[in-house]
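Engineer: Below are the sequence and a predicted model; questions follow.
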Amino acid sequence: MTMRHLQILRAMAILAFKRAGQYRSDFFLEGASTLLVVAVQLIPVAVLYGEREQVAGWRYGEMLVLLGWFLMMRCVLDGVIAPSLAQTIGGIRTGHFDYVLMKPVDAMFLCSLGHMRPWQAVRGAAGIALMGMGFAALRTSPSLAAVALATVLSGAALLTLYSIFILCVAGSFLVVRVQNLMNVLSALMDFSRWPVQVFEGLWRLVFTFVLPLAVITSFPAMALLDRISPRHTLTSLAVAGVFFALARHVWLRALRGYRSASS
């Protein structure tokens, strides 16, 4: 990412906050509803650990760290990726996408930042708080090496998540109405609040390589907890690289075949 891209990102973020500031009541209502959703998501965890000490080898504190990481990923997904790409799908259908192509910046980059929801930062803050509670329950703190590795794997997680939705948007060049597919994908992401060890056999392979939920939440959380293996680390990086390369290739091919809705 060049300095120019960073400047565009900064301008988009400022615009999003200014837009949200025009509707302060909506901003606070959305933030409050987000906190309510977070509170509801804690109920299954409390019920599970009320009867047992571990679930699939994960202790209560470790599960809180995982749930906190999941909330941070949802913050990025629901705050930036999903709304921006949903707007792109609408633009492809109406012809407004033509204006994106006219700008002297990579269209894929612009489509990723078109619409942000600043109140989703509340979910990210709640995720950080939950991770802190998890480490407090474990009576430990992550090492610098664990934080560094988790940071690298969080980059792989975001790249994977982004690539999945780019593939979905690329499909809208051929099949215009794919919004329902994006909603299904967003709902499936909720499975990533649970550790990949919960799933057995074929499902574990699916959630690692096909719909890589493990790469998005489990592996970064495991790195932060200092319980990840080199095999899982390499898997995470490889899956992220493959998904991004595939998404970029499919996007460029779809773009070459794009015909304006107004033509």
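Structural biologist: Sure, I can see it.

Engineer: ranges for the strands of this protein?
Structural biologist: 54-55, 58-59 (DSSP state E).

Engineer: Tell me which of the ones you listed sits most buried.
Structural biologist: Most buried of these, by mean neighbour count (mean count of other Cβ atoms under 10 Å): strand 58-59, with a mean of 20. Bear in mind the C-beta positions are built from the backbone N, C-alpha and C, glycine included.

Engineer: what packs against that one?
Structural biologist: Helices and strands touching strand 58-59, as assessed by 3 or more Cβ pairs under 8 Å, 6 or more residues apart in numbering; DSSP states H and E, are absent.

Engineer: chain center to it: distance?
Structural biologist: Relative to its chain's centre, strand 58-59 lies at 23 Å (Cα atoms, centre = their mean, to the nearest Å).

Engineer: again, but for stretch 166-174
Structural biologist: 18 Å.

Engineer: Identify the residues contacting it?
Structural biologist: Residues from elsewhere that reach stretch 166-174 (Cβ atoms under 8 Å, 6 or more residues apart in numbering): 85, 88-89, 92-93, 108, 111-112, 178, 181-182, 185, 243, 246-248, 250-251, 253-255, 257-258.

Engineer: returning to that earlier point: would a markdown table of the strands of the chain with mean pLDDT be doable?
Structural biologist: Shown next, in a markdown table, are those (pLDDT from 0 to 100):
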| stretch | mean pLDDT |
| --- | --- |
| strand 54-55 | 87 |
| strand 58-59 | 93 |
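
Engineer: In TSV, list the ones you listed along with distance to residue 231.
Structural biologist: Shown next, in TSV, are the strands of the chain (distance: least, Cβ to Cβ, whole Å):
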stretch	distance to residue 231
strand 54-55	22
strand 58-59	19
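
Engineer: Could you list the low-confidence segments of the protein?
Structural biologist: Confidence mapping of the chain against pLDDT under 70 gives the ranges 1, 175-179, 260-263.

Engineer: For the stretch 1-150 of the chain, which segments count as helices?
Structural biologist: 3-21, 24-49, 60-76, 82-94, 97-102, 107-111, 121-138, 144-171 (DSSP state H, counting those that start in this stretch).

Engineer: Name the residues of the last one that come out as buried.
Structural biologist: Right, the one you point to is helix 144-171. Within helix 144-171, the residues scored as buried using 16 or more other Cβ atoms under 10 Å are 146, 149-150, 153-154, 156-171.

Engineer: What of stretch 201-209?
Structural biologist: Buried, per 16+ other Cβ under 10 Å, within stretch 201-209: 207-208.

Engineer: One more: stretch 117-130?
Structural biologist: Here stretch 117-130 shows 117-120, 122-127, 130 as buried, counting by 16+ other Cβ under 10 Å.

Engineer: Could I get the residues you listed in a markdown table, plus columns for distance to residue 76?
Structural biologist: Shown next, in a markdown table, are the buried residues of stretch 117-130 (distance: Cβ to Cβ, whole Å):
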| residue | distance to residue 76 |
| --- | --- |
| 117 | 11 |
| 118 | 12 |
| 119 | 14 |
| 120 | 8 |
| 122 | 13 |
| 123 | 9 |
| 124 | 8 |
| 125 | 13 |
| 126 | 14 |
| 127 | 10 |
| 130 | 16 |
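
Engineer: Out of the residues you listed, which comes closest to residue 44?
Structural biologist: Residue 44 has its nearest neighbour among those in residue 130, at 13.8 Å by Cβ to Cβ.

Engineer: which residues does that closest one contact?
Structural biologist: Neighbouring residues of residue 130 by Cβ under 8 Å, 6+ apart: 38, 64-65, 67-68, 71.

Engineer: Apart from its chain neighbours, what residue comes closest to it?
Structural biologist: Nearest non-adjacent residue to residue 130, counting by Cβ to Cβ, 6 or more residues apart in numbering: residue 68, 3.5 Å away.
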